[in-house]
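Asker: Next input, structure requested:
(one chain, ligands or ions: 1)
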Amino acid sequence: MNVPIDDRLIDAAARLISGAKKLAVLSGAGISAESGVPTFRGSDGLWEGHRIEEVATPHAFRQDPALVWRFYNQRRANLTTIQPNPGHHALADLERRQFPDGRFTLITQNVDGLHHAAGSERVLELHGNLRRTRCSRCELVADQGLVPLEERPICLECGGLLRPDIVWFGEMLPPTIWEQAAIATATCDAFLVVGTSAVVYPAAGLISAAKQAGAAIIEVNLTETEASELADIALHGPSGEILPQLARRLQSSN
Ligand code: OAD
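Answerer: This next block holds a predicted model:
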């Protein structure tokens, strides 16, 4: 399907991006929707009758680690058959061709690893990654790939209970990654917001921080969101179609 998106809007967005010395991107679940990864606030938003907030909290893990691990094992299993889509690839191309030498930062709220899989290099994962575990006793972080884990996986170093290396509701973001995201936001000239409802903080606060720092804001989303009123240009449609159009326009303008 080709989206009848106004060519003039794509041109205007391409001009803002090509005029930028530094580009920062904030992505959310919507960019992975066309790969088959469900978004958080779509459909009924429930998993086995639980709201995401009920299985993604430190409290839920203390109460019932097996339930929380069933949820995360299901999400890990879903990833084994999932590939990056043209939206992820377009961002990787943009970094490689238009913004080499560290002038591009991709800040993602996603935990699916699809930006890395598409070849993006400077990726800041604000909310962690489904492939990793962290020991709740000794804090050791380990990449477990996507093999199924037990319902109460144990740390081989200290015998503590492993948890997903994911930021849960009520927890702080990893400080170093957050600091890098804040710097990239404050120093970019254009800020591209893709596939996020922009309601979860502190990530969503980066959009107004970029605006205040003087960056042009470009939004790509199926619908209007909380970010739309900050956007200089809003491109409404699937990111798997809009981002490749934008990347092609940028290449042809070079
Ligand atoms: P949401 O599920 O809140 O929002 C997904 C957004 O993607 C919506 O605005 C959709 O309109 C848009 N969308 C869906 N399909 C799209 C497509 N094909 N192309 C473009 N846009 C599309 O997801 P996030 O904003 O990422 O946090 O949610 C933020 C955080 O809330 C997540 O990182 C997660 C969740 O709780 C944690 O787990 C800590």
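
Asker: Give me every residue in the stretch 101-250 of the chain lying close to the ligand.
Answerer: 109, 127, 167, 195-197, 200, 220-223, 225, 238-240 (C-beta under 6 Å from any ligand atom). No exception for glycine: its C-beta is placed from N, CA and C like everyone else's.

Asker: Just the closest of these to residue 89, please.
Answerer: residue 240 (9.1 Å; C-beta to C-beta).

Asker: Report the buried residues of the helix or strand hosting that closest one.
Answerer: Element membership for residue 240 (DSSP states H and E) is helix 239-252. Buried residues in helix 239-252, counted by 16 or more other C-beta atoms under 10 Å: 239-247, 249-250.

Asker: One more: stretch 196-216?
Answerer: 196-198, 200, 203-204, 206-207, 209-211, 215-216.

Asker: Which members of the residues of the stretch 101-250 of the chain next to the ligand occur in helices, if any?
Answerer: The helices, defined by DSSP state H, take in 239-240 from those.

Asker: Now for the residues of the stretch 101-250 of the chain next to the ligand: which two are most distant?
Answerer: The widest separation within these (C-beta to C-beta) is 26.8 Å, between 167 and 238.

Asker: Show me what residue of the chain gets nearest to the ligand.
Answerer: residue 30 (2.2 Å; C-beta to the nearest ligand atom).

Asker: now the helices for the stretch 101-250 of the chain?
Answerer: 114-118, 175-187, 205-212, 239-252 (DSSP state H, counting those that start in this stretch).

Asker: could you dump these to a markdown table with distance to residue 99 and mean pLDDT?
Answerer: Converted to a markdown table, the helices of the stretch 101-250 of the chain look like this (distance: least, C-beta to C-beta, whole Å; pLDDT from 0 to 100):
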| stretch | distance to residue 99 | mean pLDDT |
| --- | --- | --- |
| helix 114-118 | 14 | 98 |
| helix 175-187 | 11 | 98 |
| helix 205-212 | 16 | 98 |
| helix 239-252 | 10 | 95 |
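
Asker: Could you dump these into JSON lines with distance to residue 155 added?
Answerer: Below are the helices of the stretch 101-250 of the chain laid out as JSON lines (distance: least, C-beta to C-beta, whole Å):
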{"stretch": "helix 114-118", "distance to residue 155": "25"}
{"stretch": "helix 175-187", "distance to residue 155": "22"}
{"stretch": "helix 205-212", "distance to residue 155": "33"}
{"stretch": "helix 239-252", "distance to residue 155": "38"}
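
Asker: so where's the longest strand in this protein?
Answerer: Using DSSP state E, we find that the single longest strand of the chain is strand 128-135.

Asker: Contact partners for residue 77?
Answerer: 146, 148 (C-beta atoms under 8 Å, 6 or more residues apart in numbering).

Asker: If you count contacts, what does the helix or strand harbouring residue 62 end up packed against?
Answerer: Taking DSSP H and E as the criterion, the element that holds residue 62 is helix 58-63. Contact analysis of helix 58-63 by 3 or more C-beta pairs under 8 Å, 6 or more residues apart in numbering; DSSP states H and E lists helix 65-79 as its packing neighbours.

Asker: Report the distance from the helix it packs on to the chain centre.
Answerer: Relative to its parent chain, helix 65-79 has a centroid offset of 19 Å by C-alpha atoms, centre = their mean, to the nearest Å.

Asker: Kindly report the same for stretch 177-192.
Answerer: 14 Å.

Asker: now swap in stretch 199-216 and tell me
Answerer: The answer for stretch 199-216 is 15 Å, by C-alpha atoms, centre = their mean.
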